[in-house]
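Trainee: got a predicted structure plus its sequence, pasted below:
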Amino acid sequence: MTRTDRVMDLLELLRASDVLSVTSIAESLAVSRRTVLRDLASLRDRGWPIASEAGPGGGVYLDRDRGIRAVHLSLDEVASLWLAAQLSKSVGQLPWSRAARSALNKVFASVPQDRQRRLRQLVKRVVVGRPASAQVLAGLESPPPELLTAFEQAFAGDLCLAFDYTDRHGKSTKRRAEPHGLLIEAPAWYLMSRDTESQQPRMFRMDRMRRVRVLPDKPFKPDFATLRLQHEQLRTQK
């Protein structure tokens, strides 16, 4: 575990509890008391309102009356907020939609530059289109339970996916694909990918995928710009 990860875990412990002893924190994080004290000092230096109480039953806690200066979001959490804002925009102007865009700009600006670049690269690979047509809705089923976790891991980590796929004609095949992009036509969404064997672009509807697995030994380099040029042609194959 990196120091950054450890400090984030420490913050999560403080957020979830009223008062924690340094000893209990050390045991939870599997580190020494000295390490906990050093991390607490670091958080205070960064403006977090961490207070302490001496004596039996005492410990450290977040002084919520003073407010929390910052909320640290993971890459996935920021991406989910961006996607929610994009989806709301796709159905028209809604109350607070302008404020949502302003808030997201602030969130993006608060992310460290290296993670900000990664985040922007990630969201550029997501296309939010019009809501699904009546024809698609009529035949739409729920995606398999393992799909979301596998897709998120593969999409963020640039790893290939393996799955069984049933096309619109009912033909089933086994597939391996590079998940370069995501097309959302709510509530349906499509994997915009490249077949690993033929190296041809392919589009797969989420509810037609089964037995989805991440291939950790099969990384790829995202090339969504190329695939997006063929996007409209591929839509006829859905």
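Mentor: Now that the structure is in, tell me what you want to look at.
Trainee: for the rest of this, base every contact and every neighbour count on C-alpha atoms.
Mentor: OK.
Trainee: just to be sure, Ala26 is in a helix?
Mentor: Yes. Remark: Ala26 belongs to a helix, assigned using DSSP: H, G, I helix; E, B strand; the rest coil.
Trainee: would you map the helices across the protein?
Mentor: 3-16, 22-29, 33-45, 75-90, 97-110, 113-123, 134-139, 147-157, 224-229, 231-235 (DSSP state H).
Trainee: so how far is Val123 from the residue nearest the centre of the chain?
Mentor: For the chain, the residue nearest the mean C-alpha position is Asp76 (2.4 Å; Cα atoms, centre = their mean). Distance of Asp76 to Val123, computed by Cα to Cα, to the nearest Å: 11 Å.
Trainee: list phi and psi for Cys196.
Mentor: Residue 196: Thr, not Cys. Dihedral pair for Thr196: phi -70, psi -20, per degrees, to the nearest 10.
Trainee: straight-line length of stretch 118-130, end to end?
Mentor: End-to-end span of stretch 118-130 (Cα to Cα): 26 Å.
Trainee: run the chain-centre distance for that stretch.
Mentor: Averaging C-alpha positions (Cα atoms, centre = their mean, to the nearest Å) puts stretch 118-130 11 Å from its chain's average.
Trainee: show the average pLDDT along that stretch.
Mentor: Average pLDDT, stretch 118-130: 86.
Trainee: show residues contacting that stretch.
Mentor: The contact list for stretch 118-130, computed with Cα atoms under 8 Å, 6 or more residues apart in numbering, reads 75, 79, 82, 86-87, 90-91, 156, 180-186, 224.
Trainee: show me which residues of it are buried.
Mentor: 119, 122, 125-128 (16 or more other Cα atoms under 10 Å).
Trainee: swap in stretch 19-26?
Mentor: Across stretch 19-26, burial judged by 16+ other Cα under 10 Å covers 19-22, 25-26.
Trainee: go through the chain and flag its longest strand.
Mentor: Taking DSSP state E as the criterion, the chain has its longest strand at strand 172-185.
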